[in-house]
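In: My questions are about this predicted structure, shown below with the sequence.
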Amino acid sequence: MEGQEQHIAAARKAARDLAAAVQGLARYYPNSVDHRRLNEDSSRILVDLDLLAGGRRVPAPAQIEVITDGDYPAGLFEGAEDEGLGPRRR
């Protein structure tokens, strides 16, 4: 098991080094879609290592709260726009 832990530790260090190097590139590629994608990819490597090694557990999803469909006060939606349609023409 010691060999496995050493490999995981080495992979984590390499992933942290990669993430730091990618963050350093931000000053050369500001607002770049490719840099944002690379930054996201490099940060996911640490998450994937944790999942692989059983480090951090993914939290269970929150319970869904069901809201019963009932009558709402008429003034609740007054002045609101129709979803996806924009404001009504007056």
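Out: Perfect, I can see it now. Note that the structure is a prediction, hence the values are computed from the model and not measured.

In: Near A26, how many other residues are there?
Out: 13 (other C-beta atoms under 10 Å). No exception for glycine: its C-beta is placed from N, CA and C like everyone else's.

In: SS state for A62?
Out: coil (DSSP: H, G, I helix; E, B strand; the rest coil).

In: pLDDT score assigned to it?
Out: Model confidence at A62, expressed as pLDDT, equals 82.

In: One more: the one 5 residues further on?
Out: The confidence metric pLDDT takes the value 78 at I67.

In: The chain should start at 577 in everything you say after this.
Out: Done: numbering now begins at 577, and the last item shifts to I643.

In: what's the helix or strand for it?
Out: Using DSSP states H and E, I643 maps to neither a helix nor a strand.

In: Backbone dihedrals for it, please?
Out: For I643, the backbone dihedrals (degrees, to the nearest 10) come out as phi -110, psi 120.

In: helix/strand/coil for the most centrally placed residue in the chain?
Out: Within the chain, one residue has its C-alpha closest to the average C-alpha position: by C-alpha atoms, centre = their mean, that is E616, at 8.7 Å. When classified by three-state DSSP, E616 comes out as helix.

In: With that, I have no additional questions.
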